[in-house]
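**Student:** show me the folded form of this:
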Amino acid sequence: MYHHLCLPTDGSPLSAHAIEQGLAFAKQLHARVTVLHVIQPYRVYAVSPEQLALGGEAEYRNAVHESSRQLLHSVKERAQALSVGCDTVVVEDELPWQAIIAVAKERGCDLIAMASHGHRGIKALLLGSETLKVLTHSTLPVLVYRHPD
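**Tutor:** Predicted coordinates for the structure are as follows:
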């Protein structure tokens, strides 16, 4: 079966649900997890509202790294409460799906378990889907969690 799960998170409520499910699955399997958060690089040519609110690049980097640290710390505490071995990783990458696959391979994971926001139709086409990209490009098995609603 699986021994090492990669659990990517974007910090959304749906992703939190998938993390909780992934940790429970890892506990059942007596597996360990690597929890991953991918940070988008600071872009001067396409500034997001978050980047504008934070000022410059240094402020943006400090804020997103602190936010990532807090997010991953809470997941690590939850994993410890479940007696699941847990490593955390923060990477900066323009393409989160590529970072997810790369980290999973580098860390020796044998399953990627992640959320799907379930966008359909034109919204899916315009927004793209990191989950779909992981599914279509990964040579590792991918388990997709969908929120029951």
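**Student:** only C-alpha atoms from now on, for both contacts and neighbour counts.
**Tutor:** Noted.
**Student:** burial of residue 144, as a residue count?
**Tutor:** When neighbours are defined as other CA atoms under 10 Å, residue 144 has 15 of them.
**Student:** ok, it touching residue 116?
**Tutor:** Yes - with contacts counted by CA atoms under 8 Å, residue 144 reaches residue 116, the gap being 6.3 Å.
**Student:** give the residues shared as contacts by the two.
**Tutor:** Jointly contacting residue 144 and residue 116 under the rule CA atoms under 8 Å, 6 or more residues apart in numbering are residue 131.
**Student:** residues in contact with residue 103?
**Tutor:** Residue 103 makes contact with residue 36 under the criterion CA under 8 Å, 6+ apart.
**Student:** chain center to the helix or strand where it lies: distance?
**Tutor:** Element membership for residue 103, per DSSP states H and E: helix 96-106. Chain-centre distance of helix 96-106: 10 Å, with CA atoms, centre = their mean, to the nearest Å.
**Student:** state the distance from residue 64 to residue 3.
**Tutor:** With distances taken as CA to CA, to the nearest Å, residue 64 is found 30 Å from residue 3.
**Student:** same check on residue 88?
**Tutor:** Going from residue 88 to residue 3 by CA to CA gives 16 Å.
**Student:** who's more crowded, these two?
**Tutor:** Per other CA under 10 Å, whichever of residue 88 and residue 3 has more neighbours is residue 88, with 19 against 14.
**Student:** list the residues that contact the more buried one.
**Tutor:** Residue 88 neighbours (CA under 8 Å, 6+ apart): 34-36, 72, 76.
**Student:** go again with 7 Å.
**Tutor:** 34-36, 72 (CA atoms under 7 Å, 6 or more residues apart in numbering).
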